[in-house]
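*Asks:* need a structure here:
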Amino acid sequence: FIEHMLFCGSKHFKPGDLVKYFQSIGMQFGPDANAHTGFYETGYDILLPEGNKQSLEKGLAVMKEFAEGALLLQTEIDKEHKVILAEKRTRDSASYRTFVSVMKFLLPEARMSKRFPIGEEEVIKNADHDLLKIYYDTWYRPDNMIIVMAGDFDQKQATKLINEKFSTLSARAPIQPRPDIGVINHKGIKTFYHFEKETGKTTATIEVINKKIIEPDSASFKRKQLLKNIADQIVQNRLDKIVSKTTSPFTSASISSSTSFYQVEFSEISAETSPENWEESLSLLEKTLRKSLKYGFTKSELEIVKKDFLSKLDNAVKKMPTRNSSMLAGNIVQDLNNEKVTMSPEQERNLLAPIINSINLKDVHDAFKDAWAANHRLIMVTGNAKITAKNKTPEDLIYEVFDRSSRVKVLRPSEIKPAVFPYLAEPEKKGKIINRTEIPDLGIVQIDFDNGIRLNLKQTDFEADEVLVNLSFGFGKSAEPSNMAGLAELSEQVINESGLGSLKKEEIKRAMAGKNTNLIFGFDEDCFLFKGITVSKEVPLLFQLIYAHLIDQAYRQEAYSLSMERFKQQYRKLSSSIDGAMLLSGKRLLAGGDTRFGLPPYHLFKNLTLEQVSSWIHNPLKQDKLEISVVGDFDMDSLIETAAKYLGGLPQRSTYKTNKISTSPEFPAAQLFEISVATKIQKGVVIVAYPTEDIWDINRTRRLSVLADIFSNRLRERIREKLGAAYSSTAYNQPGKAYPGYGVFQAFVHVDPDDSDLIVSEIKGIALDLVEKGIPEDELRRSLDPTITSIKDLLRKNEYWLNTVLSGSLRHPQKLDWSRTIMQGYSSITSDDLSKTAKKYLDNEKAATIIIKPEKAIKK
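*Replies:* Model prediction:
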């Protein structure tokens with residue numbers, strides 16, 4: 001509650017002004033200024049647009065307001081009651097309810113299982129100025145605060161400014177002892193069952209948990225943690241191998257050992273499965289764990305993981321000059337909270353690399369046994385498995401499965417057969433370059449090979465030792481046959497799980513031990529993609545991986561079976577989820593029933609076959625024109641040579657074909673759709689949508705984007721701050737890339753189901769105001785200035801140049817010009833431009849409305 005109230009009025013910012021202040025200095029509320037509250041901390045995060053003195057002063061001024069300046073006005077508290085209750089409703093879900101029940105089982109006498117951060121409804125409803133003031137003054141005190149600043153700024157200047165702002169802070173209430181965590185004392189085997197149909201899947205878990213004495217950070221402590229992490233990774237690799245088999249009862253599994261909430265030390269192994277497989281899954285987890293505890297690990301398993309850990313340490317050192325400031329600040333806060341020393345990547349490597357090189361199988365086995373040495377086992381089954389039997393509780397049945405499994409003999413693990421990559425013969429001929437175009441103002445080089453392959457290149461220094469690659473071909477989701485809806489989503493999973501013709505996915509992972517190269521398959525609206533990431537010295541390895549997928553892509557039955565089982569679980573979850581209804585129905589409704597939008601009904605999806613996947617992807621992969629785009633920290637000449645070797649010599653590719661769309665999506669103007677969901681979670685969603693157009697008039701697209709920002713701000717001011725009717729709301733425009741003339745502008749609000757009609761009216765009222773009254777200049781600036789700031793950041797991101805500029809530029813060369821005009825294009829947008837845009841597109845007579853509610857609310 002306090003966290004919310006600090007944005008609702010302070011000494012120097014009257015209610016409603018702080019967000020406007022952030023916007024005035026080029027910051028967006030949410031991405032650049034936000035807060036969070038957990039079990040043990042409340043944090044306020046400000047991402048400043050610049051690191052100069054003026055910018056630091058403005059940021060620190062706000063931080064000081066947070067530290068001591070909250071007004072906690074009763075009028076604002078009364079408004080915020082509803083907002084926090086709306087947040088509580090928004091966060092309510094089957095997974096959250098499961099989390100709460102599990103916490104009460106794991107930590108029945110601990111404070112945090114009785115006091116969740118979101119709070120109790122009765123307290124939220126009745127909190128007043130006096131109650132909040134006592135809490136604020138007690139805990140917002142200098143000796144309980146930490147300021148972390150990370151980024152590009154003058155440290156001496158920053159230190160001086162911090163002293164000037166915060167040295168006068170003083171405690172406003174007597175110090176109180178930090179609450180004790182409470183008792184944690186498990187013994188023997190305990191079982192737990194929680195049924196939650198709407199999770200869509202079942203989770204089986206084996207866990208140990210202890211109250212830990214806080215241990216000072218030291219080299220010895222870090223060695224102990226490192227050994228546990230290495231042991232866990234070996235077991236994780238075993239679990240991944242099990243998942244990849246057709247006989248696996250579970251669809252994913254994980255193991256971890258860590259410390260949470262300062263003093264809660266836990267180790268757990270868990271698996272996600274379909275409800276009918278919970279017994280087999282729990283049994284397999286038990287045997288996998290016991291096998292590792294009894295026999296330990298093999299030399300080959302340890303060597304694979306040691307290579308990976310050493311590689312990660314080296315990679316972190318190389319990336320150190322361009323670390324993300326927000327992530328760095330977060331890591332520092334985490335270290336401080338856990339009373340650990342923050343180390344640079346170089347310091348970590350110097351400390352940990354010798355340890356990794358020196359450890360042996362006994363060291364790792366002993367560490368794993370130590371992590372599981374507690375005299376208890378907590379056995380949990382949660383989710384949608386209905387566990388019943390006459391005269392027995394679910395907990396009794398879970399115990400029987402665990403006990404029966406523990407009596408089965410486990411075998412000693414055998415050494416792993418080495419996997420080798422690359423395995424294909426080197427290409428016999430190198431491709432011939434028929435055209436090289438240099439674009440100096442953009443730093444882009446375009447290479448055309450005589451086999452029809454285009455190579456787009458941009459060297460950058462934005463991220464040290466990072467190279468990103470997109471290989472695009474075909475027409476993606478837009479080419480999906482109407483009688484095979486969902487084929488794109490299935491193809492993505494099947495290909496990513498299939499690996500290569502001569503190496504399974506798990507074997508590729510082993511062969512790539514110690515490497516920092518990865519390649520995944522995906523799709524966009526208008527193309528298929530292989531997306532790769534690597535480090536500078538491994539560029540040839542990434543091209544070898546791409547070459548192998550082009551020559552020897554696999555479509556494995558076990559990958560298909562695993563993917564279909566995962567989708568079955570996903571459908572079960574989506575079908576009982578308010579947000580899932582949008583993916584299952586809403587997106588398709590806004591496209592006039594077009595099957596390429598959202599997911600199809602499950603009874604249609606489950607009929608898709610592996611043969612349909614392979615036949616749909618095979619021809620474009622083998623025949624269609626390829627465009628490969630590379631951005632990052634690489635050597636230009638070396639990369640061109642590598643591309644010529646592995647791609648330039650491939651068989652001739654066809655020239656680009658036009659994407660012949662047989663049918664185009666049609667917006668359902670002026671229609672109302674009510675979707676009911678079989679859920680006990682009492683929350684809803686309202687979407688009011690307006691037809692717009694495709695992406696290719698970039699000035700129009702930019703104006704609609706800024707208009708959506710303004711619409712989002714008004715949603716926040718009107719629905720959250722004025723009415724207190726919603727916590728989460730947004731507006732955005734989605735212009736089509738593959739569908740000429742099609743686009744959708746949406747306002748999206750999570751609501752109390754009973755407020756749905758009110759929220760629809762409010763959204764349409766915002767649209768009407770924008771149409772009739774236009775956009776004032778100050779409101780334009782509050783949306784546009786943060787956008788300009790974000791563009792400055794965007795232009796220094798590899799992802800922008802790869803995904804927005806280079807990929808697809810062969811088919812759409814105007815994308816290059818977009819990068820030239822993006823800053824000027826947004827900066828030149830006027831209030832009049834947006835007023836005209838609003839009048840053209842925000843027509844309530846054409847708006848389509850979707851209301852998603854629980855079944856009971858619909859009937860009511």
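*Asks:* Strands of the stretch 401-550 of the chain, start to end?
*Replies:* Using DSSP state E, counting those that start in this stretch, the strands found in the stretch 401-550 of the chain span residues 433-439, 444-449, 454-459, 467-473, 518-523, 528-534.
*Asks:* most packed of these?
*Replies:* Highest mean neighbour count among the strands of the stretch 401-550 of the chain (mean count of other C-beta atoms under 10 Å): strand 467-473, with a mean of 24. No exception for glycine: its C-beta is placed from N, CA and C like everyone else's.
*Asks:* Tell me which strands that one pairs with, and in which orientation.
*Replies:* Using DSSP bridges, strand 467-473 pairs in its sheet with strand 528-534 (antiparallel), strand 627-632 (antiparallel).
*Asks:* Burial check on Gly431, number of neighbours?
*Replies:* Using other C-beta atoms under 10 Å, Gly431 is surrounded by 22 other residues.
*Asks:* Same question for Lys369.
*Replies:* Burial of Lys369 is recorded as 14 neighbouring residues (other C-beta under 10 Å).
*Asks:* I'd say it and Leu293 touch.
*Replies:* Yes. In this structure Lys369 lies within contact range of Leu293 using C-beta atoms under 8 Å: 5.9 Å.
*Asks:* got the CA positions of stretch 16-33 in PDB?
*Replies:* As requested, the backbone C-alpha atoms of stretch 16-33 are provided in PDB (Å, rounded to 0.1, in the frame of the first residue of the first chain):
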ATOM      1  CA  GLY A  16      -1.100  13.100 -10.000                       C
ATOM      2  CA  ASP A  17       2.000  15.200 -10.700                       C
ATOM      3  CA  LEU A  18       4.800  12.700 -10.300                       C
ATOM      4  CA  VAL A  19       4.100  10.700 -13.400                       C
ATOM      5  CA  LYS A  20       3.800  13.900 -15.400                       C
ATOM      6  CA  TYR A  21       7.200  14.900 -14.000                       C
ATOM      7  CA  PHE A  22       8.700  11.700 -15.100                       C
ATOM      8  CA  GLN A  23       7.300  12.200 -18.600                       C
ATOM      9  CA  SER A  24       8.500  15.800 -18.700                       C
ATOM     10  CA  ILE A  25      12.100  14.600 -18.300                       C
ATOM     11  CA  GLY A  26      11.800  11.900 -21.000                       C
ATOM     12  CA  MET A  27      10.800   8.900 -18.800                       C
ATOM     13  CA  GLN A  28       7.900   6.500 -19.200                       C
ATOM     14  CA  PHE A  29       5.900   5.400 -16.100                       C
ATOM     15  CA  GLY A  30       6.400   1.700 -15.900                       C
ATOM     16  CA  PRO A  31       9.400   1.000 -18.100                       C
ATOM     17  CA  ASP A  32      11.500   3.800 -16.600                       C
ATOM     18  CA  ALA A  33       9.900   4.500 -13.200                       C
END
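*Asks:* which residues are contacting it?
*Replies:* Taking contacts as C-beta atoms under 8 Å, 6 or more residues apart in numbering, the residues outside stretch 16-33 that touch it are 7-8, 10, 13, 45-49, 55, 58, 62, 65, 716-717, 721, 781-783, 785-786, 788-790.
*Asks:* what sits against Phe192?
*Replies:* By C-beta under 8 Å, 6+ apart, the contact set of Phe192 is 102, 105, 378-382, 395, 398.
*Asks:* What's opposite it in the beta bridge?
*Replies:* Applying DSSP bridges to Phe192 yields these beta-bridge partners: Met380.
*Asks:* Report the rounded mean pLDDT for the host helix or strand of Ile852.
*Replies:* Following DSSP states H and E, one finds Ile852 within strand 848-854. On average, the pLDDT along strand 848-854 is 98.
*Asks:* Which residues outside it are in contact with it?
*Replies:* Taking C-beta under 8 Å, 6+ apart as the rule, strand 848-854 contacts 578, 581-582, 586, 589-590, 667-690, 753, 756, 760.
*Asks:* Mind checking which of these land in strands?
*Replies:* Residues of these located in strands (DSSP state E): 672-677, 684-690.
*Asks:* Now a PyMOL select for only the buried ones of these.
*Replies:* In PyMOL syntax, the buried subset of those is picked out as below (16 or more other C-beta atoms under 10 Å):
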select buried, resi 675+677+684+685+686+687+688+689+690
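*Asks:* Out of the helices and strands in this protein, which is least certain?
*Replies:* helix 855-859 (a mean of 66; mean pLDDT, DSSP states H and E).
*Asks:* mind checking the end-to-end distance for stretch 11-18?
*Replies:* For stretch 11-18, the first-to-last residue distance is 11 Å (C-alpha to C-alpha, to the nearest Å).
*Asks:* between the host helix or strand of Ala708 and strand 684-691, how big is the angle?
*Replies:* Here Ala708, judged by DSSP H and E, is contained in helix 698-715. On the basis of axes from the mean of the first three to the mean of the last three C-alpha atoms, to 10 degrees, helix 698-715 is oriented at 150 degrees to strand 684-691.
*Asks:* And the contacts of the next helix or strand after helix 698-715?
*Replies:* Once helix 698-715 ends, the next helix or strand along the chain (criterion: DSSP H and E) is strand 729-735. Contact with strand 729-735 is made by 692-695, 701, 704-705, 707-709, 711-712, 715-716, 719-720, 743-750, as judged by C-beta under 8 Å, 6+ apart.
*Asks:* so for strand 729-735, what's the average pLDDT?
*Replies:* pLDDT averaged over strand 729-735 gives 98.
*Asks:* how big is the angle separating that strand from helix 698-715?
*Replies:* Using the same axes, to 10 degrees: strand 729-735 against helix 698-715 is 170 degrees.
*Asks:* Buried ones in strand 729-735, by neighbour count?
*Replies:* Buried, per 16+ other C-beta under 10 Å, within strand 729-735: 729-731, 733-735.
*Asks:* Between those, which sits nearest Glu438?
*Replies:* Pro735 (30.8 Å; C-beta to C-beta).
*Asks:* circling back: can you select the buried ones among the contacts of strand 729-735 for me in ChimeraX?
*Replies:* Buried members of those can be picked out in ChimeraX with the line below, counting by 16+ other C-beta under 10 Å:
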select :692,693,694,695,701,704,705,707,708,709,711,712,715,716,719,720,743,744,745,746,747,748,749,750
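*Asks:* could you pull out the helices for the stretch 351-500 of the chain?
*Replies:* With helices called from DSSP state H, counting those that start in this stretch, the stretch 351-500 of the chain shows them at 361-371, 394-406, 487-498.
*Asks:* by contact count, what packs against the second one?
*Replies:* Using 3 or more C-beta pairs under 8 Å, 6 or more residues apart in numbering; DSSP states H and E as the contact criterion, the elements in contact with helix 394-406 are strand 188-195, helix 278-295, strand 376-383.
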